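# I'll drop the sequence and a predicted model, then ask my questions.
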Amino acid sequence: MLGLAIHTCSPQLGLMLQTVEPTTGPITADPVNRHQVWDLGREVSSHLHVKLMEFIQPYSWQDLSFVAVAKGPGGFTGTRIGVVAARTLAQQLEIPLFGVSSLAAIAAQSIQQTCLEQTRLERTQLDQTQLDQTQRQPEPTIAVTMPAKRDAVYGAIYQAKGEDLIVVRTEEVVPEGEWAEILQGWERPLHQVTTGANAGTANSVTGVMHLATVRWQQQERPDWSSVMPFYGQHPVHR
């Protein structure tokens, strides 16, 4: 079983293909796990379908068990193109479609990086006391901030729980000063992740795949029609 993740919410295109292991039974002998990012700028719509067909090789569309897509917030045109492509694939293939918040994907990617760093630490010659301290760290609360228009930001706060994320403060557009006050007054320590104004976030396609896989393992099977783009701010609103 293969999952395909798509991220087009920034000036980049991110794709990921991964074997989805069953909750029971033998593990795949040669699992697939690869992702790639292209800086396409305004050319995402022109290249998305070609890149998809090239990236999925040597597999076919019929090998997919689900599709996942970053549904925003992000650029209006890119977000819409990615969601429409994912909806079309899932509808035609009659497979589930997971819509994942761009902010949640960034949070999940941050957790993945932290886990990798901890694994590297555990493989070094640490004394047992230092190892115990590393392992006793609580699951983090993560605040994600992404610049929006008109002196505002997209903000959300998540609590890590095992492999999953719990939404503590939902994704929304907040005036920049108000968001800073919210973070400063938060009652628990926060791991803060901030993206730049024009930063490509397509590398967090790994976070899209991770959260979709968690939901798949939890037996969720959302219909393609349930996934809608979240723009946050209307591109022509003043």
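Structure received. Residues are numbered from 1 along each chain as shown.
# so where's the protein shaky on pLDDT?
Where the chain drops to pLDDT under 70, the residues are 23-29, 114-138, 197-199, 233-238.
# domains in it, by residue range?
2-101+200-226, 104-194 (automatic domain parsing).
# just say which of those domains is most tucked in.
domain 2-101+200-226 (a mean of 19; mean count of other Cβ atoms under 10 Å). Where C-beta positions appear, they are placed from N, C-alpha and C, glycine not excepted.
# that domain spans what distance, first to last residue?
Domain 2-101+200-226 has an end-to-end distance of 21 Å (Cα to Cα, to the nearest Å).
# how far out from the middle of the chain is it?
How far domain 2-101+200-226 lies from its chain's middle: 10 Å, per Cα atoms, centre = their mean, to the nearest Å.
# can you list the strands that the strand ranked longest in the chain pairs with?
Taking DSSP state E as the criterion, the chain has its longest strand at strand 164-175. According to DSSP bridges, strand 164-175 forms sheet pairs with strand 152-161 (antiparallel).
# alpha carbons only: can I get the partner strand in PDB?
Written as PDB, here are the backbone C-alpha positions of strand 152-161 (Å, rounded to 0.1, in the frame of the first residue of the first chain):
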ATOM      1  CA  ALA A 152      -1.300  39.700  10.500                       C
ATOM      2  CA  VAL A 153      -0.100  36.100  10.900                       C
ATOM      3  CA  TYR A 154      -1.500  32.600  10.500                       C
ATOM      4  CA  GLY A 155      -1.100  31.100  13.900                       C
ATOM      5  CA  ALA A 156      -1.900  27.700  15.600                       C
ATOM      6  CA  ILE A 157      -0.800  25.800  18.700                       C
ATOM      7  CA  TYR A 158      -0.500  22.000  18.900                       C
ATOM      8  CA  GLN A 159       0.200  19.500  21.600                       C
ATOM      9  CA  ALA A 160       2.200  16.400  20.500                       C
ATOM     10  CA  LYS A 161       0.600  13.200  21.700                       C
END
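# quick check, central residue of this protein?
residue 105 (2.3 Å; Cα atoms, centre = their mean).
# tell me which helix or strand the nearest residue to that one once chain neighbours are set aside sits in.
If the residues on either side of it in the chain are set aside, residue 105 comes closest to residue 207, at 3.5 Å by Cβ to Cβ, 6 or more residues apart in numbering. Using DSSP states H and E, residue 207 falls within helix 205-217.
# for that helix, list the C-alpha coordinates in CSV.
Below are the C-alpha coordinates for helix 205-217, written out as CSV (Å, rounded to 0.1, in the frame of the first residue of the first chain):
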residue,chain,number,x,y,z
VAL,A,205,5.2,17.5,2.8
THR,A,206,6.8,15.0,5.2
GLY,A,207,4.6,16.3,7.9
VAL,A,208,1.5,16.1,5.6
MET,A,209,2.4,12.4,5.0
HIS,A,210,3.0,11.7,8.7
LEU,A,211,-0.3,13.1,9.9
ALA,A,212,-2.2,11.4,7.1
THR,A,213,-0.6,8.1,7.9
VAL,A,214,-1.5,8.4,11.6
ARG,A,215,-5.2,9.0,10.6
TRP,A,216,-5.0,6.1,8.2
GLN,A,217,-3.7,3.8,10.9
